[in-house]
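# Provided below are the primary sequence and the corresponding predicted coordinates.
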Amino acid sequence: MRIDVLTIFPDMFAGVVNESILKIAQEKGALDFCAHDLRDWTQDFHRSVDDSPYGGGAGMVMKVDILAAAIEAITALDERKPHVVFMAPVGRPFTQAAAAHYATHERLLLVCGRYEGFDERAFDWADDIVSIGDYVLAGGEVPAMAVIEATVRLLPSVLGNDESALEESFSPENDGLLEHPQYTRPADYRGKQVPEVLLSGNHGAIEQWRKAAARKRTEMHRPELLDD
């Protein structure tokens, strides 16, 4: 998969994509990543990517002409057409299902907003608009990082065991519930013991316990998932 990011702060991504899972993905050839500076498509002395909003109001708005020029130029860098995703608070919530859908694409282009957001006409270039939560950040870079990691870890061969993603929280294989509790050594820590069933070697009983525990955990922490 190729992932391009359009941002005014491309250096923000270096530490993220060159560590952990994303570094492994690049080493395995599963990920080709490039961050592009939106200011490279400006034509004025100050390299301006924003301007004051029509109608007045606080803040600045990212310019549609600069965004369009950049998106079209980046799209032309590879014969594979990118799935263009704008990171913006007005977008639909990003979910595990969305990450799985993105993982089926050969190429993504993530567009990061700043200031008061995008000129509304820029969304004509979007295939999707997503948000990572009902709160406002300084820009779309951190959300883009979340989308990248959630997506890339689902690519074949990236995780050490491809089945690791099957029983995780929110996955269809786990009925969209939270993942069951996990334990490891020591079996007894300060009087708090690992559930006996996990030590029994009875795989059928362990599976039943895990399903029940996942539902109980979901009822406690995320009851709205049961409604979904």
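Good, I have the coordinates.
# Just the pLDDT at the spatially closest residue to Asp50 that is not a sequence neighbour, thanks.
In space, and not counting its chain neighbours, Asp50 is closest to Met60: 3.9 Å by C-beta to C-beta, 6 or more residues apart in numbering. Yep, even glycine has a C-beta here, placed from its N, CA and C like the rest. You'll see Met60 listed with a pLDDT of 95.
# what about Met60, distance to Glu196?
Distance check for Met60 against Glu196: by C-beta to C-beta, to the nearest Å, it reads 61 Å.
# between the two, which one's more packed in?
Met60 (16 against 10; other C-beta atoms under 10 Å).
# Pull the contacting residues for that one.
Asp50, Asp51, Ser52, Pro53, Tyr115, Glu116 (C-beta atoms under 8 Å, 6 or more residues apart in numbering).
# As JSON lines, those with pLDDT and distance to Gly191 would be great.
Compiled in JSON lines, those are given as follows (pLDDT from 0 to 100; distance: C-beta to C-beta, whole Å):
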{"residue": "Asp50", "pLDDT": "96", "distance to Gly191": "59"}
{"residue": "Asp51", "pLDDT": "96", "distance to Gly191": "64"}
{"residue": "Ser52", "pLDDT": "95", "distance to Gly191": "63"}
{"residue": "Pro53", "pLDDT": "94", "distance to Gly191": "61"}
{"residue": "Tyr115", "pLDDT": "88", "distance to Gly191": "54"}
{"residue": "Glu116", "pLDDT": "88", "distance to Gly191": "54"}
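# neighbour-wise, which of those residues leads?
That'd be Asp50 among these, by other C-beta under 10 Å, with 19 neighbours.
# Report the mean per-residue pLDDT for the helix ranked longest in the chain.
Taking DSSP state H as the criterion, the chain has its longest helix at helix 203-221. For helix 203-221, mean pLDDT rounds to 96.
# can you list contacts of it?
167, 174-175, 177-181, 195, 197-198, 200, 225-226.
# Using CSV, write out every CA atom in it.
Only the C-alpha atoms of helix 203-221 are listed here, as CSV (Å, rounded to 0.1, in the frame of the first residue of the first chain):
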residue,chain,number,x,y,z
HIS,A,203,-10.0,-24.8,25.2
GLY,A,204,-13.8,-25.0,24.9
ALA,A,205,-14.3,-23.7,28.4
ILE,A,206,-11.7,-20.9,27.8
GLU,A,207,-13.5,-19.8,24.7
GLN,A,208,-16.9,-19.7,26.5
TRP,A,209,-15.3,-17.7,29.3
ARG,A,210,-13.7,-15.2,26.9
LYS,A,211,-17.0,-14.6,25.1
ALA,A,212,-18.8,-14.0,28.4
ALA,A,213,-16.0,-11.8,29.7
ALA,A,214,-16.0,-9.7,26.5
ARG,A,215,-19.7,-9.0,26.8
LYS,A,216,-19.4,-8.2,30.5
ARG,A,217,-16.5,-5.8,29.8
THR,A,218,-18.5,-4.1,27.0
GLU,A,219,-21.6,-3.8,29.3
MET,A,220,-19.3,-2.1,31.9
HIS,A,221,-17.3,0.3,29.7
